[in-house]
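>>> Quick one, structure for this:
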Amino acid sequence: MDHNIQGYEYYDIVIVGAGASGTLSACLLACDELSVLVIEKEGRIGKKLSATGNGRCNLTNMDMSWKHYYGDREWIDKVIASVTPTRVRSVFEEIGVFTREKDGYVYPHSNQAATVVGALYREMKKRGVKLRLDSRVREVICFDHMTEDNVTDIIDIDNETGEVTGYPARFLVKTDDMEYSCNYLVMASGGAAGAEQGGSSYGYGLVRGLGHTVTDIYPGLTGMECAGRFWKDVAGTRIQGSFSLYVDGICEGKETGEIQITKTGVSGIPVFQLCRIAARALAADKPVWGEIDFVPGLDADELSDWIDSHGIDGLVPVKWINLLGRGMGKACVKALKHFEFTITDTYGIDKAQVSSGGVPTDEISPYTFGSRLHEGLYILGELVDIDGVCGGYNLHLAWSGAILAAGDILRS
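Sure, this is the predicted structure:
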């Protein structure tokens with residue numbers, strides 16, 4: 001259990017972050033033999049989790065494959081081989097969340113993210129997890145990574161005898177008003193995406209302080225700003241079409257679904273899926289543009305025949321008719337099948353649903369999510385340089401990290 005040693009509050013395990021991976025880790029780890037403390041900078045647990053899937057919480061997806069992720073394919077394959085969607089569903093049903101599947105997408109049966117957050121909270125309380133809310137971690141010291149600057153902070157030297165009092169733990173975790181020591185440290189502080197839901201970059205600084213590398217961070221799963229004044233005239237429309245992304249003249253991806261038009265550009269799931277690619281290309285000053293196919297169900301010849309017979313009124317939202325023209329022939333077909341525009345930016349990290357980037361996977365074990373630099377350190381969730389497309393894939397990675405890290409700690 002937790003106790004005080006030399007003025008520091010001791011726990012067997014300290015978890016930084018009460019999001020998806022942090023709360024599930026706590027539920028799986030806390031027991032009579034192990035004391036667990038969760039430190040969360042927000043005033044409640046699962047703030048970002050509560051908003052996932054438009055409040056429905058897409059827990060995982062039965063169509064699980066590396067193809068739905070950006071990052072190290074081999075590393076991802078090892079993770080999803082260890083933690084299947086069926087295993088994730090089983091874990092949640094054990095803590096009282098009945099799940100349902102629709103077209104491969106797995107949700108809580110209640111269709112509410114609040115059900116998931118509530119179940120995680122109740123399980124933590126039942127297992128005796130200590131929770132510190134509104135508490136931000138300022139520094140983490142690993143005792144095998146000590147320097148002359150911090151060594152005097154974590155040992156006591158008797159001025160008369162010269163006796164050095166050692167410290168019985170691997171890590172020291174400092175907040176504004178408390179210091180905690182532990183033998184296992186789980187970093188689950190989340191990424192920088194979604195500031196309104198609690199996203200923050202502070203966790204990157206903590207893992208850097210422990211000697212880990214952190215790549216550049218980019219927004220993922222958000223809309224794109226585009227050149228042109230016409231967007232405000234068609235804003236609010238939704239197009240059942242295809243969105244293609246071009247970088248330096250090469251098509252980097254194509255997604256079909258509902259494309260949402262805003263006052264400054266494009267949004268919606270087809271755009272979200274390719275946002276990561278656009279963000280990195282724009283950061284490298286490469287030319288990026290998009291292309292909309294308004295009628296992917298018809299090829300050019302079929303579309304031409306339709307327009308000859310019926311015009312375009314029945315093909316596109318009313319606001320687009322004047323912009324695309326009511327004419328016939330190749331020019332009209334091209335406008336509908338290949339509507340091109342320059343992409344100037346994404347909507348940014350604050351509006352993104354997920355962060356792209358983080359600690360490189362060669363510094364983290366795919367079997368345990370354990371650090372390859374420090375024994376007893378685990379790095380989960382958005383802190384890892386892996387991100388998925390929409391559909392429950394990012395949450396699956398968060399749950400996987402929690403399950404594998406907890407299993408490794410319990411075995412040690």
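
>>> Next, the residue with the largest distance to the centre of the chain: secondary structure please.
Centroid-distance maximum for the chain: Glu160 at 52.9 Å, with CA atoms, centre = their mean. Assigned with DSSP: H, G, I helix; E, B strand; the rest coil, Glu160 falls in the coil class.

>>> what's the burial count for the residue lying closest to Thr84 once chain neighbours are set aside?
Of all residues not flanking Thr84 in the chain, Met64 sits nearest, at 6.8 Å (CB to CB, 6 or more residues apart in numbering). Just so you know, the C-beta spots here come from the backbone N, C-alpha and C atoms, and that holds for glycine as well. Close neighbours of Met64, defined as other CB atoms under 10 Å, add up to 25.

>>> Quick check: Met64 touching Ile80?
Yes: between Met64 and Ile80 there is a contact under CB atoms under 8 Å: 5.2 Å.

>>> Now for those two: what residues contact both?
Both Met64 and Ile80 are contacted by His396, under the criterion CB atoms under 8 Å, 6 or more residues apart in numbering.

>>> Residue ranges in the stretch 51-200 of the chain under the pLDDT threshold?
For the stretch 51-200 of the chain, applying pLDDT under 70 flags the ranges 145-159, 161-168.

>>> Surely Asp305 is within a helix?
Yes: with three-state DSSP as the criterion, Asp305 is located in a helix.

>>> could you show me where the helices are in this protein, in order?
20-29, 73-82, 85-94, 113-126, 151-154, 202-209, 231-234, 269-283, 300-310, 318-324, 330-337, 393-411 (DSSP state H).

>>> May I see the buried residues of the third one?
Buried residues in helix 85-94, counting neighbours by 16 or more other CB atoms under 10 Å, are found at 85, 88-89, 91-92.

>>> if we can go back for a sec, list the contacts of the residue nearest to Thr84.
Taking CB under 8 Å, 6+ apart, one finds 80, 84-85, 393, 396 in contact with Met64.

>>> Val79 and Pro366 touch, don't they?
Yes: applying CB under 8 Å, one finds Val79 in contact with Pro366, separated by 5.1 Å.

>>> of these two, who's got more company?
Between Val79 and Pro366, counting by other CB under 10 Å, Val79 is the more crowded of the two (25 against 22).

>>> Let me see the contact set for that one.
Going by CB under 8 Å, 6+ apart, the list of residues near Val79 reads 366, 397, 400, 404.

>>> Can you check the pLDDT for the first one?
I take that to be Pro366. Pro366 carries a pLDDT score of 98 in this model.

>>> List the contacts of the residue nearest the centre of the chain.
Geometric centre of the chain, nearest residue: Val354, 4.0 Å, by CA atoms, centre = their mean. The contact partners of Val354, by CB under 8 Å, 6+ apart, come to 191, 193, 220-221, 382, 387-388, 394.

>>> Identify, from those, the entry nearest to Leu315.
Set against Leu315, the nearest of the contacts of Val354 by CB to CB is Leu221 (28.7 Å).

>>> OK, contacts around that closest one?
With contacts defined as CB under 8 Å, 6+ apart, the neighbours of Leu221 are 193, 272-273, 275-276, 352-354, 387, 389-390.

>>> Which pair in those has the greatest spatial separation?
Ala193 and Gln273 (15.1 Å).
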